[in-house]
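Peer 1: When you get a sec, could you give me coordinates for this:
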Amino acid sequence: MVRVKFVCTAVKKYRHWDTPKGFLYEATFIPVTSGSEENKQFFEATPSGQLNISTIREDHFEPGRSYYLDFSLAE
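Peer 2: Next up is the predicted model:
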């Protein structure tokens, strides 16, 4: 397993293509780089990049908050 720590930089609201569901919320994340010793350790030891994900729930992610993301092999 690989654990990374990303910070949410934005959440954008879009109309859902299936109108009864209302809206989609697209969250954008980048790796943490500083701000704490833990963040520095994650920056030095884990992958970097950008992540965009969408959800139909408005309250999953908040800009400025950090989140752990775990990658494990799917058998």
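Peer 1: Which of the helices and strands in the chain ranks last by mean pLDDT?
Peer 2: helix 37-45 (a mean of 90; mean pLDDT, DSSP states H and E).
Peer 1: Show me what that one packs onto, helices and strands only.
Peer 2: Judged by 3 or more C-beta pairs under 8 Å, 6 or more residues apart in numbering; DSSP states H and E, the packing partners of helix 37-45 are strand 2-15. Every residue, glycine included, has its C-beta placed from N, CA and C.
Peer 1: Tell me which helix or strand the spatially most central residue of the chain sits in.
Peer 2: Nearest to the geometric centre of the chain sits F29, at 4.2 Å (C-alpha atoms, centre = their mean). F29 is part of strand 23-31, with elements assigned from DSSP states H and E.
Peer 1: Pull up the pairing partners for that strand, direction included.
Peer 2: Strand 23-31 pairs in its sheet with strand 2-15 (antiparallel), strand 51-55 (antiparallel), by DSSP bridges.
Peer 1: Now that strand: buried residues?
Peer 2: Neighbour counts using 16 or more other C-beta atoms under 10 Å place 24-25, 27-29, 31 of strand 23-31 among the buried residues.
Peer 1: quick one on the thing from earlier: point out the most buried one among the strands paired with strand 23-31.
Peer 2: strand 2-15 (a mean of 15; mean count of other C-beta atoms under 10 Å).
Peer 1: I appreciate the help and will end here.
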